[in-house]
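*Asks:* How does the following fold in three dimensions:
(chains A and B)
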Amino acid sequence: MNLINTFFNVPVLLGSMPQLLWGLVVTLQIGITSILIGLAGGLFLAVARLYAPAFVKGVIRVYIDIFRSIPLLVLLIVVYYALPFVGIRLSAFFSAVTALSLVSAAYTAEIFRAGIEAIPHGQFEASEALGLSNRYTMVDVILPQAVRIVIPPLTNNCINVMKDTALASVVAMPDLLKQATQAQALAANPTPLIGAAIIYVLLLWPMVAVVARLEKHFGRGKR
Amino acid sequence: MLTPQTPFISIRNLTKAYGTFTVLHGIDLDIAEGEVVCVIGPSGSGKSTLIRCINHLEAFEPQSRIIVDGIAVEPGPALAKVRAEVGMVFQSFNLFPHMTVLRNVMLAPMRVRKTPEADAERKARELLARVGISEQADKYPGQLSGGQQQRVAIARALAMEPRVLLFDEPTSALDPEMVGEVLDVMRKLAGTGVTMVIVTHEMGFARQVADRVIFMDGGRLVETGTPTDIFDTPKEERTRGFLRAVLNH
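*Replies:* Numbering: from 1, shown residues only, chains lettered A, B, ... in the order given. Reported below is the predicted structural model:
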């Protein structure tokens, strides 16, 4: 009974619910913005890495390696607390979006690269032989085929970005986790934290299930 | 046999090496407009590499020179012009699997020649009829047999109205019963005035259709002549040995 009152206290949960839902809205804003920027940036990096001059290719490779190595929390704190020393002051929202997008773009670039490399070389040769420009080769021939291959890993990456939005609470962003910790302090009861955890799971479970189904679908060789 | 005045395709000192392994040893070859040339030879003799250099799918050594219809084949903006004039048919078809047969044929004219969609579609249907597969226009390549796919690939190459068609072992990936239907289409094409360079193992076809047969071995042109020259009175021992091996079984 005591346990239920502590972790699943219904009055406390109902009382904190509006606050949690506002947090959810902020989490979704950060997550979706970062996912979209990361997708666009990653696609750009992957295609540029294919066609750009050697020097630019090198720069892109270094970018991808660095942002896949750096812990997101460290990057976020650098963006929010260190950049102001050189005059770059980003709001908590933009700091979170910047850090998440930079990292997501690096992972997305690798995913797209793998997808493009999975397309048989003959597809590039046939396009070349027909006189198609690099742009049309990508847009009409390669990417439509690559997208089907990369959808499962891309969805996985989106899930990771959504989960990592919780780190934004570190820079005082009123996201779902931050709202939950505040509500917990206010009520002197951890139920809001449990509520937040449940909301995260409800949000991401369907995406996880979708990935599993897609992987099964594409894994059957149905391309 | 045609005797070229100004060659339509001129190949000079064509050399190609992968690291220390030389695939082509300074090949010289002229091909006249409208000529049908069949290239034969054992695998690894460099015959596919030779025709893949003509549209620069393979890069070659800088001292080599290929000119197609007055345009030098080299990386740069002129290459697109060469490729628009030079169609290619591959051993493995290389159709675009995510597009219908019709779309496969329409794509390049719409993108490269900026042909309006309606015109491209009319032309594509015409070509599909010409290669005998108009009923399959709305299917996807994966739903067709190998022979049908290769005929679509020929229609796709023809859609650009090329002046040269390169065939890279077009029937080698086909089940035996489908070879004939593809060769029939190619035979009809040979009468239309388009220049054709065909790498093939189909000796009967080469004898019947070629204006000139080239026998390659070890990255060199060993012997060149009319089909009668090559198949009935080959001069080189290596040619005789190869023909003995492929014809006597």
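
*Asks:* Tell me which helix or strand B:Ile11 sits in.
*Replies:* Taking DSSP states H and E as the definition, B:Ile11 sits inside strand B:9-18.

*Asks:* ok, the nearest residue to A:Ala180 once chain neighbours are set aside to chain B distance?
*Replies:* If the residues on either side of it in the chain are set aside, A:Ala180 comes closest to A:Ala196, at 3.5 Å by Cβ to Cβ, 6 or more residues apart in numbering or on different chains. Quick note: C-beta positions are derived from backbone N, CA and C, even for glycine. A:Ala196 sits 42 Å away from chain B, taking Cβ to the nearest Cβ, to the nearest Å as the criterion.

*Asks:* A:Ala196 - how many residues pack around it?
*Replies:* With neighbours defined by other Cβ atoms under 10 Å in any protein chain shown, the count for A:Ala196 comes to 26.

*Asks:* how far away is it from A:Lys178?
*Replies:* Computed as Cβ to Cβ, to the nearest Å, the A:Ala196 to A:Lys178 distance reads 9 Å.

*Asks:* any residue of the helix or strand where B:Met88 lies up close to chain A?
*Replies:* Using DSSP H and E, B:Met88 sits within strand B:86-89. Yes. Contact of strand B:86-89 with chain A (Cβ under 8 Å from any Cβ of the partner chain) involves B:86-88.

*Asks:* circling back to that earlier point, joint contacts of A:Ala196 and A:Lys178?
*Replies:* Counting by Cβ atoms under 8 Å, 6 or more residues apart in numbering or on different chains, the shared contacts of A:Ala196 and A:Lys178 are A:Gly23.

*Asks:* what about dumping the CA coordinates of stretch B:82-94 to PDB?
*Replies:* Taking C-alpha atoms only, stretch B:82-94 is exported to PDB below (Å, rounded to 0.1, in the frame of the first residue of the first chain):
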ATOM      1  CA  VAL B  82      29.100  11.200 -76.000                       C
ATOM      2  CA  ARG B  83      27.000   9.200 -73.700                       C
ATOM      3  CA  ALA B  84      23.700  10.500 -75.100                       C
ATOM      4  CA  GLU B  85      24.900   9.300 -78.500                       C
ATOM      5  CA  VAL B  86      26.200   6.000 -77.300                       C
ATOM      6  CA  GLY B  87      23.700   3.400 -76.000                       C
ATOM      7  CA  MET B  88      24.800   0.400 -74.000                       C
ATOM      8  CA  VAL B  89      23.300  -3.000 -73.300                       C
ATOM      9  CA  PHE B  90      24.700  -4.900 -70.400                       C
ATOM     10  CA  GLN B  91      25.100  -8.600 -69.700                       C
ATOM     11  CA  SER B  92      23.100  -8.200 -66.500                       C
ATOM     12  CA  PHE B  93      20.400  -5.900 -68.000                       C
ATOM     13  CA  ASN B  94      20.700  -3.400 -65.200                       C
END
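
*Asks:* coming back round to it: give me the contacts around the strand holding B:Ile11.
*Replies:* B:22-31, B:46, B:49-50, B:53-54, B:58-61, B:63-69, B:164, B:195, B:197.

*Asks:* Kindly recompute the last result at 6 Å.
*Replies:* Here strand B:9-18 makes contact (Cβ atoms under 6 Å, 6 or more residues apart in numbering or on different chains) with B:23-24, B:26-31, B:49, B:60-61, B:63-68.

*Asks:* average pLDDT for it?
*Replies:* Mean per-residue pLDDT for strand B:9-18: 95.

*Asks:* swap in stretch A:173-186?
*Replies:* Taken as a whole, stretch A:173-186 has an average pLDDT of 92.

*Asks:* can you check stretch B:114-124 too?
*Replies:* Throughout stretch B:114-124, pLDDT has a mean value of 97.

*Asks:* Mind jotting down where the helices sit in the chain?
*Replies:* No chain in the question, so chain A it is. In chain A, helices defined by DSSP state H lie at A:2-7, A:10-51, A:54-69, A:72-77, A:92-117, A:121-130, A:134-136, A:143-164, A:176-187, A:191-219, listed in chain order.

*Asks:* nope, chain B please
*Replies:* For chain B, the helices defined by DSSP H cover B:47-54, B:78-85, B:101-112, B:117-130, B:146-158, B:176-190, B:203-209, B:227-232, B:237-247.

*Asks:* and among the ones you listed, the most buried is which?
*Replies:* Highest mean neighbour count of the helices of chain B: helix B:146-158, a mean of 25 (counted as mean count of other Cβ atoms under 10 Å in any protein chain shown).
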